[in-house]
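Asks: Fold the following for me, if possible:
(2 chains)
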Amino acid sequence: MALSRRQFVGAAAGTAALAATGTATAQEEPDYGGWFDDVSNYDGTADKRGQDTVTITVGAQGNNGAFAFDPPAVMVSPGTEVVWEWSGEGGGHNVVSDGDGPLDSGSPVSEAGTTYSHTFESEGMFKYVCVPHKSLGMKGAVVVRPGGSGDGGSGGQQQQGPPENPDYGGWFDDVSNYDGTTVDRTDADSVEISVGAQGNNGAFAFDPPAVRVTPGTEVTWTWTGEGGGHNVVSDGDGPLDSGGAVSEAGTTYSHTFEEMGVYKYACVPHKSLGMKGAVVVGGPLGGSGGGSGGGSEQEGSGIELSGPQWLLSGSILLAFFSPLLFAVAMRRRQNGRPPQTGEGGELQRATGPEPVEEAAETEPAVELGHDEYDPKGTAALVAFYFVLIGLLWVFMYFVEFLGRVSIIG
Amino acid sequence: MVFVDSYPKTSKIVRSEFIVAFVALGIGALFGVIQALHRTGVFRGFISSADYYTILTGHGVLLALVFTTFFISGLFTWAVANSLERELPHRIAWSGFWIMLTGTVLAAVSIIGGLVGAPSILGHDLKADVLFTFYAPLKAHPAFYIGAALIIVGSWIAGLAYFKALWEWRSENPDERIPLQTFMVLTTMLMWYVSTIGVAVEVVAFLIPWSLGLIQNVDPLLTRTLFWYFGHPVVYFWLMPAYLVWYTILPKLAGGRLFSDPLARVVFVAFLLLSTPVGFHHQYTDPGIPSGYKFIAMTNTMFLLLPSLLTAFTVVASVEHGARQRGAKGYLSWLRNLPWGKPAFAGCMLAGLMFAAGGFSGMINAGMNINYLIHNTIWVPGHFHLTVGTAFALTAMAISYWLVPQITGKKLRQRSIATLQPYVWFVGMALMSNAMHRAGLAGIPRRTAEPTYDEFAFEGVAGTVGEMRIQIAIGGFLLFVGAAMFLIVMTDTLLARRGGTLSVNSNIPEPLSGADHSPRILDNYKLWTAIALLLIVIAYGPPLASMVADGLFAPGSPPIPV
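Replies: Numbers count the residues shown, from 1 in each chain, chains lettered A, B, ... in the order given. The predicted structure follows:
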């Protein structure tokens, strides 16, 4: 495969960036001990050392809603003032240290523009959470470390380009036509993506959903006209925005990607159906394999069984039909057998274990026949039970109103 | 002659089934007390909160599925042999037993696997934290579903033995009425066959292939619907055996006779007809089911009150007859002339009393509008601890004090513990269940390891939340003690030497009003089964058809563009 000029440059830049920042990153990326495992917008630590003030957004997009800190992980120099600024989205948030720690913004608040700040003087790692949304992954960390130079770290990371299998952070979990492969188009100068392709139970997909291009490539989205109105809008802050949803076939929207990185986007009206995509700019050169071949093996609904699965499903079927088989077997046996006599039992009992007797039947003091008996006590109890039920029903209905504001008043 | 000597082969089957049931009861009760202490926050040292759901699943499956099914199989085996006066076809009965046992072991091992780190078996994590209501989207190891399916299939085969015994009896007695106990057993089993189809289809067609990875998606609404198609009748599969005990044995224990045999038959036929087409009342908050069909389920459920109220009347009247035969007078003072010191009698009566309260909270559950007040709150477990947890479980324990001596030929041991045991259970359940109901009204959720939330405090309508927690913890602990007392009595009895004179008498006197006075059509199983199926088609046909039309494996339709 012959390399085009631009591809070569891109690759060289990627490799150079890798060489330049790779060691530095390996050295500087702190070990968070799994703290960010469930944080969807975590993508490495942003190096903000050398700045006097660093701002973190509270209620940024992430974790399936506005439940994220942005950037979630930040590295600052000692003496830096970190300011948390509320976006106003995602309900009430707060900033509280995990375990013992200096951060505590108090009760959750939701107003946009709220700020909370803390100046970090000593070195160390400061993990924090939004208490109400911790379980959703709204977690962050501030690492205070001396050294570094301004924008070095984060810029370097950008230029390195995404790895061979980019981590989309669950972005494609509900996208039916994403089969785990990023289609490699690093050989093309312009790339086309269809909007409204078949997928996600209708014409609600981008095809291909994930594509890798070299920096400088123009990507064009072409509308198929199916599945109603669609648009192409970046997830969170991003360069893509085709405007309102359009449904006419043949509509196009294009964007030229210059900077390396992973650009996620979605069709806003159908995002929840899984109409999502991503463009990966830069990174490893072609031949990652997936591309065209990936589709056929996993899309098919053919059933494939391994050895133990055959065994298991076979035995289930057998078990399920066993009553039938059993009935047939019993019927066959019965047809050719004389009826059993009771002799076996008699013999056994003669030499058997110790004899047992029942207690004597207790005779009633008064023999009450059918006509003499009148269950008046039962009638009394039944009446009592109905009264009780009536009272409990009354109680049940008014429970809602006791000490509370009623729906009417 | 004692049952064990009259029918030694059948006795052995009943004994085996009871032993499995009692082992399941012991483990289930242990899991129960762990939960009660954990969720109330009294003691959280046994398990982590993540393991709470494993324990919860074990408690539900071992008690509501294993203990009940095995005990009922044993009780029914005894009842059919006793009333038809013949040994059961023991090969069929034994195969049923072994299949159920295999299923139980599979299900129990997969649940316990979750407690020991979920090792990977056959490519799937061995765990089953799916709760007793094992529908999607929670997913268990395939072995759990296979085990559940085997328990059901085994119970089908056990049921075949009862029918075969009836056919043999019928060929010898072509004109007699079916004896009452056998009639009750077979009506219950017919209801069971009809209703377990739902869960069998759910497990075999959807959950097993899904858990094996053969299919990627299942329709959560469809699997829920199929589960609840079975999930309410299973309640009657627990209750009808208790009713069998209350109708046919309890009057004798009270010293009287059953008030009316035909009324008992009518009640059981009503359960056969109405038990199944009511499942939607568990799904009032589910989208995708038309309100009209929920309403049909509600009216059917309310009709189901009728046989239970008939039972309350008939059983109490029969017990009153016993008291009158002991010489009692007056409107209420006859209650004193009953053998409250006999554990079998006291247990059954206390169970029935609790069931009256359970019936009340059941009406709330079934009412479409007020169901929303308590939906998925701890009220619901409060309710079914009164039904399956007392009406069935306490009756089962109480009647074991009467039945186990007869099937073993051994005298009941530890009689003082046995005498006290029903009262311990009653007090424990009274504390726990009433606190659960009130906590549910305050909105406290069920199935939650730590039902406390930041910045939110539950407010009790009557009493404080702290007081309810303490009551639940004390009640749960007393119930555990009650189960342990029962198991001590049973273990000691089963290990004792046989022989001598038993403390119980097996004779069951004729009803005051016998079967001769009732229309023969009551014994026409074909007719009642056909009507039951028709009612199910009316209640379930159209909604199920629309769910199936929505796509069996890839449900849901895209929104219509505006």
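Asks: which residue does the stretch 151-300 of chain A bring closest to chain B?
Replies: Distance from chain B to each residue of the stretch 151-300 of chain A (C-beta to the nearest C-beta) is smallest for residue A:228, at 3.0 Å. Heads up, the C-betas are built off the backbone N, CA and C, glycines and all.
Asks: hang on, that residue in a helix?
Replies: No. Assignment of residue A:228 by DSSP: H, G, I helix; E, B strand; the rest coil gives coil, placing it outside any helix.
Asks: Which residue ranges of chain B form strands?
Replies: Across chain B, reading from the start of the chain, the strands by DSSP state E fall at B:120-121, B:124-125, B:500-501.
Asks: So for chain A, which of those strands sits nearest?
Replies: Ranking the strands of chain B by distance to chain A, with C-beta to the nearest C-beta as the measure, places strand B:500-501 first at 4.8 Å.
Asks: partners of that closest one in the sheet?
Replies: Strand pairing for strand B:500-501, using DSSP bridges, gives strand A:356-357 (parallel).
Asks: now what about the next helix or strand after the partner strand, what contacts it?
Replies: Downstream of strand A:356-357, the next assigned helix or strand under DSSP states H and E is helix A:376-399. Contacts of helix A:376-399 from elsewhere in the structure, counted by C-beta atoms under 8 Å, 6 or more residues apart in numbering or on different chains, are B:312-313, B:316-317, B:320, B:323, B:330-332, B:334-335, B:356, B:360, B:363-364, B:370, B:373, B:441, B:461.
Asks: From what I see, residue B:247 and residue B:314 are in contact.
Replies: Yes. If you go by C-beta atoms under 8 Å, residue B:247 and residue B:314 touch, sitting 7.0 Å apart.
Asks: Mind listing the shared neighbours of the two?
Replies: Shared between the contact lists of residue B:247 and residue B:314 (criterion: C-beta under 8 Å, 6+ apart) are residues B:258, B:264.
Asks: ok, the closest residue to residue B:481 other than its chain neighbours to residue B:294 distance?
Replies: Nearest residue to residue B:481, sequence neighbours excluded (C-beta to C-beta, 6 or more residues apart in numbering or on different chains): residue B:424, at 5.9 Å. Counting by C-beta to C-beta, to the nearest Å, the separation of residue B:424 from residue B:294 is 40 Å.
Asks: First-to-last residue distance for stretch B:123-130?
Replies: By C-alpha to C-alpha, to the nearest Å, the extent of stretch B:123-130 from end to end equals 19 Å.
Asks: Which part of the stretch 1-150 of chain A gets nearest to chain B, residue-wise?
Replies: Counting by C-beta to the nearest C-beta, the stretch 1-150 of chain A gets nearest to chain B through residue A:131 (6.1 Å).
Asks: Could I get the contacting residues of the residue nearest to residue B:27 when sequence neighbours are not counted?
Replies: In this structure, residue B:27 finds its nearest non-sequential neighbour in residue B:62, 5.5 Å apart by C-beta to C-beta, 6+ apart. If you count contacts by C-beta under 8 Å, 6+ apart, residue B:62 has them with B:24-25, B:27-28, B:31, B:108.
Asks: make it 7 Å
Replies: By C-beta atoms under 7 Å, 6 or more residues apart in numbering or on different chains, the contact list for residue B:62 reads B:24, B:27-28, B:108.
Asks: Reformat those as JSON lines; add neighbour count.
Replies: Formatted as JSON lines, the entries for the contacts of residue B:62 read as follows, by neighbours: other C-beta atoms under 10 Å in any protein chain shown:
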{"residue": "B:24", "neighbour count": "23"}
{"residue": "B:27", "neighbour count": "17"}
{"residue": "B:28", "neighbour count": "21"}
{"residue": "B:108", "neighbour count": "21"}
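Asks: In helices, which of those appear?
Replies: Here DSSP state H is the test, and the contacts of residue B:62 give B:24, B:27-28, B:108 as lying in helices.
Asks: Residues of the stretch 401-550 of chain B that sit close to chain A?
Replies: Residues of the stretch 401-550 of chain B lying close to chain A (C-beta under 7 Å from any C-beta of the partner chain) are B:409, B:441, B:454, B:461, B:498-507, B:512-513.
Asks: swap the cut-off to 10 Å and go again
Replies: Proximity of the stretch 401-550 of chain B to chain A, by C-beta under 10 Å from any C-beta of the partner chain, involves residues B:405-406, B:408-411, B:438, B:441-442, B:453-455, B:459, B:461-462, B:497-507, B:509, B:511-514, B:517.
Asks: of the residues you listed, buried ones?
Replies: Buried residues within those, counting neighbours by 16 or more other C-beta atoms under 10 Å in any protein chain shown: B:405-406, B:408-411, B:438, B:441-442, B:498, B:502, B:504-506, B:511-514.
Asks: For residue A:45, which non-adjacent residue is closest in space?
Replies: That would be residue A:73: by C-beta to C-beta, 6+ apart, it lies 4.3 Å from residue A:45.
Asks: okay, and the helix or strand of chain A with the least pLDDT?
Replies: Of all helical and strand segments in chain A, the minimum by mean pLDDT, DSSP states H and E falls on helix A:290-299, at a mean of 37.
Asks: Can you report how many residues lie near residue B:518?
Replies: 18 (other C-beta atoms under 10 Å in any protein chain shown).
Asks: all helices for the stretch 101-250 of chain B, in order.
Replies: Along the stretch 101-250 of chain B, counting by DSSP state H, counting those that start in this stretch, helices occupy B:142-172, B:180-201, B:208-212, B:220-231, B:233-248, B:250-254.
Asks: export those to TSV and tack on distance to residue B:6 and mean neighbour count?
Replies: Below are the helices of the stretch 101-250 of chain B laid out as TSV (distance: least, C-beta to C-beta, whole Å; neighbours: other C-beta atoms under 10 Å in any protein chain shown):
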stretch	distance to residue B:6	mean neighbour count
helix B:142-172	14	22
helix B:180-201	15	23
helix B:208-212	42	22
helix B:220-231	36	23
helix B:233-248	18	25
helix B:250-254	18	25
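Asks: which stretch among those helices comes nearest residue A:144?
Replies: Distances from residue A:144 to each of those were compared using C-beta to C-beta; the shortest belongs to helix B:220-231, at 47.1 Å.
Asks: quick one, the closest one and helix B:233-248 angle?
Replies: Put simply, helix B:220-231 runs at 10 degrees to helix B:233-248, going by axes from the mean of the first three to the mean of the last three C-alpha atoms, to 10 degrees.
Asks: tell me what helix B:220-231 is packed against?
Replies: If you count contacts as 3 or more C-beta pairs under 10 Å, 6 or more residues apart in numbering or on different chains; DSSP states H and E, helix B:220-231 packs onto helix B:180-201, helix B:233-248, helix B:525-549.
Asks: Dump the ones you listed into TSV; add mean pLDDT and distance to residue A:37 as well.
Replies: Formatted as TSV, the helices and strands packed on helix B:220-231 follow (pLDDT from 0 to 100; distance: least, C-beta to C-beta, whole Å):
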stretch	mean pLDDT	distance to residue A:37
helix B:180-201	95	37
helix B:233-248	95	40
helix B:525-549	92	37
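Asks: so which of the ones you listed comes closest to residue A:64?
Replies: Distances from residue A:64 to each of these were compared using C-beta to C-beta; the minimum, 27.4 Å, belongs to helix B:525-549.
Asks: Could you list the buried residues of that closest one?
Replies: By 16+ other C-beta under 10 Å, the buried positions in helix B:525-549 come out as B:525, B:528-529, B:532, B:535-536, B:539-540, B:543-544, B:547.
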